[in-house]
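Student: Below are the sequence and a predicted model for it; my questions follow.
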Amino acid sequence: MYEFIIDSTDATFVDFNQASIAIDACFLLAYLDNDDPRGVKVSLLLDKWSKEKINELVITNKVAAEIIHNLFKNKIRDIIYLIHKMNTQKYSPTKEELQIIGDINTARNLIKYVPKSKLDELVKCGELHYNIGTILKDYKL
């Protein structure tokens with residue numbers, strides 16, 4: 001089975017007509033993430049498929065669920081980041097950032113469930129090394 005897995009470089013030379021293509025969640029998430037350098041390769045491959053008249057892709061429910069899960073986690077992380085930045089750096093968010101935050105009181109209550117050290121780490125490096133599921137479970141209680 002693994003002999004049929006190809007990377008993005010090889011994909012530019014393959015004729016995909018009548019092929020069954022299994023799309024991984026990472027493939028689509030890279031395309032959706034403006035900061036992911038792999039997104040350009042995904043875009044080029046999607047353009048190639050479009051030129052070859054491959055206009056429909058089917059993804060499994062598992063892949064769709066994984067994508068939604070990751071987008072949701074990223075949304076929560078962005079809210080936590082912005083609220084913490086507002087609270088600690090006297091940062092004034094842009095109009096777009098306020099839309100991301102949504103209800104400010106809810107967002108402020110949400111960050112109460114994240115350890116301060118993890119919040120500081122989030123602002124420094126942009127990564128939240130704390131389980132979003134745990135934050136949401138604690139918030140619901």
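Tutor: Now that the structure is in, tell me what you want to look at. Numbering: from 1, shown residues only.
Student: any idea how far Asn74 is from Leu141?
Tutor: As judged by C-beta to C-beta, to the nearest Å, Leu141 and Asn74 stand 24 Å apart. For the C-beta atoms, the positions are set from N, CA and C on the backbone; glycine is no exception.
Student: for this protein, what spans make up the strands?
Tutor: Per DSSP state E, the chain has no strands. Nothing in it meets that criterion.
Student: which stretches of it have low pLDDT?
Tutor: 1-4, 8 (pLDDT under 70).
Student: so what's the most centrally placed residue in it up against?
Tutor: With distances taken as C-alpha atoms, centre = their mean, Leu71 lies nearest the centre of the chain, 4.4 Å away. Residues near Leu71 by C-beta atoms under 8 Å, 6 or more residues apart in numbering: Leu29, Leu32.
Student: how far away is it from Lys85?
Tutor: For Leu71, the distance to Lys85 - C-beta to C-beta - is 21 Å.
Student: How about Asn17?
Tutor: For Asn17 relative to Lys85 (C-beta to C-beta), the value is 49 Å.
Student: Settle it for me: which of these two has more neighbours?
Tutor: It is Lys85, of Asn17 and Lys85, that has more neighbours when counted by other C-beta atoms under 10 Å, with 16 against 9.
Student: For Asp35, grab the count of nearby residues.
Tutor: 7.
Student: ok, now the one 3 residues further on?
Tutor: A total of 14 residues lie near Arg38 under the criterion other C-beta under 10 Å.
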